[in-house]
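Chemist: make a model of this:
(one chain, ligands or ions: 1)
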Amino acid sequence: MLDLPVADDWFVTRDVGDGVTLVTEPHVHPLLRCNVWHIRGRDTDVVVDTSLGLRPLRHLVERELAHGLLAVATHAHSDHIGGMWEFPDRAVHAAEAAELATSGGVTLDPAIYGEGVLGPYRDAGYDIPALLVDAVPEGGLAAAVLPRAAAPATRLLTDGDVVDLGDRVFEVLHLPGHSPGSIGLWEAAAGVLFSGDALYDGPLLDELDGSDVEAYVDTMRRLRELPARVVHAGHEASFDRTRLIELCDAYLDRRT
Ligand SMILES: [Zn+2]
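Modeler: Just a heads-up that it's a prediction; the model follows:
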């Protein structure tokens, strides 16, 4: 068992407006602290990403059994798909469906992640501790490597697909670069973008297995033109269009 303090509440939730709730894990290091977004719709709710899977998540986002609830993985990195198995309806981009269909694990020991992950965080001034959590949930954690069940997608998404919640619709944007099947969900009517790891206000990672800098450059050019009012990202705090343009430009300056 990991010898760390036990956190009273593992997940913290916060209403961010537009019928959206953020679910996050304050005791997880930012590098692995995935934002989980619960979007409420008339017929169906959507949960965007499902965290590390250290604790069950579904009860936090499930309103009624009869109400639809689709779990969408913005991509299949282990910090985003840990809870996918809890949800009967699961969607991911076709390019990362195989990851979801295979069991795996998540590792809380930073050593495993290598310089492609740790370097950009270290360069940005983040401390990298010996373990990427500073507490454990009630019941503890057995080890620094935790298993993840296979959770094959029940729906494959591709660019231009529509996720319809009844009273609001999201367009699927294929945003490769960070990973081959990275997607965003774009609600044009409200100007709300869920960007996954394609764009967040922190060290962006484009030197991972499956990363593609050329594709990422195209993704940044596309995102820069999006008339987003607010961006809810895969990590870190949400931001507005001004910051969206700054972040895209910073990447384009660095890589073009
Ligand atoms: Zn990722």
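
Chemist: what's the longest helix in the protein?
Modeler: helix 241-255 (DSSP state H).

Chemist: which strands or helices does that helix pack on?
Modeler: Secondary-structure packing of helix 241-255 (3 or more C-beta pairs under 8 Å, 6 or more residues apart in numbering; DSSP states H and E): helix 213-224. From N, CA and C alone the C-beta is placed, and that goes for glycine too.

Chemist: ok, back up a step: got the angle for the longest helix of the chain vs helix 213-224?
Modeler: Taking axes from the mean of the first three to the mean of the last three C-alpha atoms, to 10 degrees, one finds helix 241-255 and helix 213-224 inclined to each other by 160 degrees.

Chemist: if we ignore the residues flanking it in sequence, what's nearest the residue of the stretch 1-150 of the chain found nearest the ion?
Modeler: Across the stretch 1-150 of the chain, the shortest distance to the ion (C-beta to the ion) belongs to His77, at 3.5 Å. In this structure, His77 finds its nearest non-sequential neighbour in Ser179, 6.5 Å apart by C-beta to C-beta, 6 or more residues apart in numbering.

Chemist: tell me if I'm right that that neighbour and His80 touch.
Modeler: No - at 9.7 Å, Ser179 does not count as touching His80 under the criterion of C-beta atoms under 8 Å.

Chemist: overlap in contacts, those two.
Modeler: Common contacts of Ser179 and His80 (C-beta atoms under 8 Å, 6 or more residues apart in numbering): Asp197.

Chemist: from the ion, how far out is the residue most central in space within the chain?
Modeler: The residue lying closest to the centre of the chain (C-alpha atoms, centre = their mean) is Gly234, at 3.8 Å. Separation of Gly234 from the ion (C-beta to the ion, to the nearest Å) stands at 6 Å.

Chemist: I appreciate the help and will end here.
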